[in-house]
Structure formats: structure tokens, C-alpha cells
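> The sequence and its predicted three-dimensional model are supplied below.
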Amino acid sequence: MNGASENKVPWICAKCQKELVEEKVKVRYLDGNFEVELLKCPQCNHVFISEDLALGKMLEVEKGLEDK
């Protein structure tokens, strides 16, 4: 194992207390459907979207779609 993954603290679902796993999830916005890898609870299926992702890449995509 490399040192970076050993220092990684897992995200835990507040509802189920299960460790989130990275999984492909379907995201829908306006008329577009997208598949992206996000952290998801294996029990309740709630998806975690970090603030960085929401205010960064997702905001860029949202503005691009709205301009079309």
C-alpha cells in the first residue's frame, strides 16, 4: 500500500454509520443525465457531494448547460 491511502480518513454516513464507498451514480440536471463517481452509502444510498465539487466543477457544468 502507498502512504497516501493509509492516511485517508473514511467518510461515514451519519444515518447508517457505514463507510461511504466510491461508486458510479446517475446525476440529472435540466435535460441532461450524467454518470459520475461519487461517495455513496452502501446501505441507504445517500450520496455525498463535497463543497469543493458543488462549488467548482458542478457549478461550471451547470452554467454551461444553462447557457445552451
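Received, thanks.
> Tell me which stretches of this structure form strands.
Remark: strands assigned in the chain by DSSP state E are 21-29, 32-40, 47-48.
> and the first one, how far from the chain's centre?
Strand 21-29 has its C-alpha centroid displaced from the chain centroid by 7 Å (Cα atoms, centre = their mean, to the nearest Å).
> What lies in contact with that strand?
33-40, 42, 47, 61-62, 65 (Cβ atoms under 8 Å, 6 or more residues apart in numbering). For every residue, glycine as well, the C-beta is placed using N, CA and C.
> Look up which residues are beta-bridged to the spatially most central residue of the chain.
Most central in the chain under Cα atoms, centre = their mean is residue 38, positioned 3.0 Å from the mean C-alpha point. Residues found in beta-bridge contact with residue 38 (criterion: DSSP bridges) are residue 23.
> looking at it, it is touching residue 49, isn't it?
Yes. Proximity of residue 38 to residue 49 meets the contact threshold set by Cβ atoms under 8 Å, at 6.4 Å.
> which helix of the protein spans the most residues?
With residue count as the measure and DSSP state H as the assignment, the chain has helix 57-67 as its longest helix.
> by how many degrees do that helix and strand 32-40 diverge?
Interaxial angle, helix 57-67 versus strand 32-40 (axes from the mean of the first three to the mean of the last three Cα atoms, to 10 degrees): 170 degrees.
> Packing partners of helix 57-67?
strand 21-29 (3 or more Cβ pairs under 8 Å, 6 or more residues apart in numbering; DSSP states H and E).
> Render the CA-only coordinates of the strand it packs on in CSV, please.
Included here for strand 21-29 are C-alpha records, laid out as CSV according to Å, rounded to 0.1, in the frame of the first residue of the first chain:
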residue,chain,number,x,y,z
VAL,A,21,-17.8,3.8,-1.0
GLU,A,22,-16.9,5.4,-4.3
GLU,A,23,-19.4,4.3,-6.9
LYS,A,24,-20.9,5.5,-10.2
VAL,A,25,-24.1,7.3,-9.6
LYS,A,26,-26.6,8.9,-12.1
VAL,A,27,-27.0,12.7,-11.8
ARG,A,28,-29.7,14.6,-13.6
TYR,A,29,-29.8,18.3,-14.3
